[in-house]
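Q: Sharing a sequence plus its predicted fold:
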Amino acid sequence: MPVTTGVQRTPRRRFAVLLFAAAFGTALLLPFAGGARADSPAVPKAVFVVGPTNSLTDYNLVEAENMAQQAEAAGMDVRRVFFPHATWDNVLANIQGANLVVYMGHGYGWPSPYTQQLTESRQNGMGLNSFDGSSPDQYTYYGANRLRESVVLAPNAIVYLNHLCYASGNGESGMAVPSEDIARQRVDNMANGWLATGARAVFAYSRKQQLNYPQALMNSNSSVDQLFMTPATGARAGSVWGFVGWHDNRFASERTPGAVNHLDPHRSEGYYRAVTGDLNMTMAEWRSGAGSGDDPPPPPPDEGEAPQITELTAGVSGQFATTGDPVGFHPNGDGLDEELALRHTVTRAAYLDATVTNAAGQTVKSYSIWSASGSGGSRWNGKDRDGRFVADGLYTLTYVPRDATGATGEAVSTQALVLTAIKLGQPSKPAIFTSDADTMAKSVQLAVTLNKTADVGWRLLDAEGTVVRTVRSASSAPSGKLTFAWDGRADDGTWVPDGWYRSVVTATTALGSYAQERSVYVGAFRVTPSISSPERGSKLTLTIISSEGLASSPTVRFSQPGLEPWSATATRVDGKKYKLTVTLPSGGDAGTLAMEITGRDKEGGQNAGTASLPLR
C-alpha cells in the first residue's frame with residue numbers, strides 16, 4: 001500500500017495480521033496473537049515520527065508505516081507525523097501523553113566530530129522539517145533541552161529510536177567502530193532527554209528488528225530487558241536484527257540517576273543495539289499507563305484545592321531568567337533565539353490556559369497545554385493567532401491552571417521582549433585560510449539585514465572574547481543590508497592566529513538592545529577527535545576538514561611524550577572532509593599528544609595546522 005504522509009490519527013481497530021517482510025522475501029508470522037489483552041482496557045497512544053533524512057527518507061517512511069500498521073493491528077491508537085510535515089509544532093501537537101513514541105530520522109548525538117562539548121539545544125533529540133513541506137535535506141535539530149522543556153509523555157511510556165546515528169553507540173556510516181567508552185556516552189546522552197519527558201525506557205536500534213514490538217507490548221508480560229534480549233531467528237539468527245549476546249554489558253546511567261544502560265554490540269559491526277531506563281518494567285506496567293488515547297488524558301477530578309502554578313519562568317537557548325527583567329527573543333527567521341521557552345511548576349496535573357497580550361493589553365494569542373504534576377515546559381514561537389509574527393515590543397504571557405472539574409488556580413505571568421531589528425545571514429563559508437596568500441579561501445562574506453533603523457555595532461571576537469577587528473562602531477543605520485568581507489586580519493593588519501572567531505552584531509532601538517552572532521574558523525584544518533582524552537594503546541579517530549581544496553589527502557605527524565614522532569595519512573570521505581583512525585602506541589608517557597597536519601592545496605600551496613590532546 002502507498003505510504004501516507006502528514007499528521008494523521010487512525011481509527012482504533014483490532015485484528016490479526018500476517019506481515020509480509022520485504023527483507024525476508026517470505027511471510028513472517030507474528031509472534032503474538034492480535035488484539036488487546038483483558039488487562040489493558042485503555043487504548044495506548046502511539047506516535048510515529050519520521051523526519052527528513054536525505055536519501056534515506058523514503059526508506060524510513062516505509063519502515064515507519066510498516067510498524068505503524070503493526071501498532072494498529074495490535075490495538076493502539078496511532079498518530080503519524082511523517083515527512084514532509086514533521087515539524088516541531090506538528091510533533092508537539094501529537095506527542096503529549098503518548099505511551100509509545102517511535103522516531104526515525106537523523107540522530108545528532110554526542111560525543112560527535114561536530115562539537116567539542118555537549119550542546120543539547122541541538123543534540124540528543126530529533127531532526128525535523130525546518131518548515132512544513134521542506135525538502136529531505138532541510139532539517140532542524142531539536143535537542144534534549146527542547147524535549148525536557150516541551151514534551152510530557154504518559155506514565156511508563158516507551159521510546160523506540162530506529163535508524164539514528166549515535167543513538168545506539170555507533171557514529172555515522174563510514175566511521176570506525178567507537179571505543180566502548182564512547183559508545184556508552186552516546187547511548188546514555190541520547191536517552192537522557194527522552195527519559196526526562198517521563199519515558200521509562202528508551203530502545204535504540206540502528207537496524208530493523210525482527211521482533212514485532214507493538215504486538216509484544218500489547219500481548220506479553222515480558223520485561224523491557226527481556227524484549228531487548230529477544231534474538232533474531234532463521235536467516236537472521238546472530239544478526240543485529242535481534243539480540244547478539246557476544247559482549248553485551250550493563251552499566252548505571254551517569255546522566256539519569258536510577259536508569260540502567262544495556263549495550264549489545266556485534267563482533268564486527270559494532271554498537272547497533274541498546275536500551276536505557278528501568279529494564280525491569282513489564283509490559284503490563286506499560287499498558288497500565290495507557291489513557292483514553294485522546295489528546296491528552298485529562299487530569300482526574302480532585303476534591304481538594306484547585307491546582308496552583310508555583311513557578312513560571314521564561315528563557316532562550318536553555319538559559320532561564322533569574323531576575324524580573326523581561327526575556328528577549330528574536331523571531332525573525334535567522335534561526336537564532338527564535339522561540340521563547342517557558343518552564344512551569346504546578347502543584348498537581350492540570351490544563352494550563354495561556355494568553356499572550358501586547359503592551360496595550362490586547363490578546364494576540366491563546367492556547368492550552370496539559371501538564372503533569374511538577375515541572376514542565378512549553379514554547380511560544382512569537383506568532384499571533386493568525387500565524388503571523390508579532391510586532392516588536394513587550395508581551396505578557398499569563399498561565400491559569402485548570403483541572404478537569406473546571407476549578408482554576410491563580411493566574412501567573414511572565415514577560416518577554418520581542419526584538420527583531422537585525423537578521424544575521426550565514427557566513428559565505430565556514431572557514432578561511434588566508435595567511436598563505438593564495439586565491440583559495442582568502443575571505444569570508446558576512447552579512448546582516450536591518451529590518452528597521454537601529455544603532456548597530458559590529459565586532460569580531462576571538463574564543464576568549466577579545467575584540468580583534470571592529471567592523472563598525474555603534475552608530476545609526478537605516479533598514480537594509482550591511483556586508484563585510486573579512487580576510488582574517490586584525491585591526492592592526494596582522495593575521496589572526498588559527499581558531500574560532502565570532503562575528504557579533506549588536507542592535508539598539510527604543511525598545512532595547514540585543515546581540516546575535518555567527519562563527520567562522522580561521523586556519524588550514526579543523527580537527528575533531530573521537531575522544532577528547534585518549535589513552536595510550538587505544539584507537540583514535542580524527543575527522544579533518546580542510547578549509548581549502550587539497551590536491552591529495554593530508555598527513556598527520558604525531559608526537560607522543562617519550563616516543564619518536566610518527567606519521568599517518570588520512571582518507572578522503574567527501575569534498576574537503578577526511579578521516580584518520582590510528583592506534584596510539586602503548587609506550588611512552590602521559591602528557592600531551594601533539595599533532596601537526598599538513599597538505600598541499602590545489603594551487604600548490606603548503607597548508608599546515610596543529611592540534612593537541614591530553615594523553616592518558
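A: Perfect, thanks for sending it. Numbering: from 1, shown residues only.

Q: For Arg250, which non-adjacent residue is closest in space?
A: His262 (4.8 Å; Cβ to Cβ, 6 or more residues apart in numbering). Any C-beta I mention is one placed from the backbone N, CA and C, and that applies to glycine too.

Q: Ala447 too?
A: Gly425 (4.0 Å).

Q: Give the burial count for the one you found, as a bare number.
A: Gly425 is flanked by 14 other residues according to other Cβ atoms under 10 Å.

Q: I figured it was touching Gly333, is that so?
A: No: Gly425 lies out of contact with Gly333 (Cβ atoms under 8 Å); the separation is 10.6 Å.

Q: Any regions of the protein where pLDDT drops low?
A: 1-41, 291-304, 318 (pLDDT under 70).

Q: Show me where it has its helices.
A: Assigned by DSSP state H, the helices in the chain fall at 57-74, 88-95, 144-150, 180-196, 213-219, 224-228, 283-288.

Q: Using PDB, list the CA coordinates for the fifth one.
A: Extracted as PDB, the C-alpha positions of helix 213-219 are listed here (Å, rounded to 0.1, in the frame of the first residue of the first chain):
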ATOM      1  CA  TYR A 213       7.400  -4.700  19.200                       C
ATOM      2  CA  PRO A 214       3.900  -3.400  19.100                       C
ATOM      3  CA  GLN A 215       2.400  -6.900  19.500                       C
ATOM      4  CA  ALA A 216       4.900  -7.700  22.200                       C
ATOM      5  CA  LEU A 217       4.000  -4.500  24.100                       C
ATOM      6  CA  MET A 218       0.300  -5.300  23.900                       C
ATOM      7  CA  ASN A 219       0.200  -9.000  24.500                       C
END
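
Q: now for that helix, which elements pack on it?
A: helix 57-74, helix 283-288 (3 or more Cβ pairs under 8 Å, 6 or more residues apart in numbering; DSSP states H and E).

Q: Pro554 is nearest to which of those helices?
A: helix 57-74 (32.9 Å; Cβ to Cβ).

Q: Of all the residues in that closest one, which ones are buried?
A: Within helix 57-74, the residues that qualify as buried are 57, 60-61, 63-74, counting by 16 or more other Cβ atoms under 10 Å.

Q: List the contacts of stretch 162-173.
A: If you take Cβ atoms under 8 Å, 6 or more residues apart in numbering as the criterion, stretch 162-173 is touched by 53, 56, 59-60, 63, 102-110, 112-113, 161, 177-178, 182-184, 186-187, 190, 204-209, 263, 265, 269-274, 530.

Q: cool, and stretch 366-376?
A: Residues contacting stretch 366-376 (Cβ under 8 Å, 6+ apart): 96-97, 152, 198, 296, 298-299, 311, 343-356, 378, 385.

Q: Mind giving me the PyMOL select for the residues you listed, buried ones only?
A: The following PyMOL line selects those of those that are buried, judged by 16+ other Cβ under 10 Å:
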select buried, resi 96+97+152+198+296+298+299+343+344+345+346+347+348+349+350+351+352+353+354+355+356+378
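
Q: how close does the residue of the chain most remote from its centre get to Ala590?
A: Centroid-distance maximum for the chain: Glu564 at 41.8 Å, with Cα atoms, centre = their mean. To Ala590, Glu564 is 17 Å away according to Cβ to Cβ, to the nearest Å.

Q: Could you do Ala474 as well?
A: Counting by Cβ to Cβ, the gap from Ala474 to Ala590 is 49 Å.

Q: same question, His106
A: His106 sits 37 Å away from Ala590 when distances are taken as Cβ to Cβ.

Q: for Tyr521, same thing?
A: 29 Å.

Q: which of those two has more neighbours?
A: Shown here are Tyr521 and Ala590; by other Cβ under 10 Å, Tyr521 has more neighbours (20 against 14).
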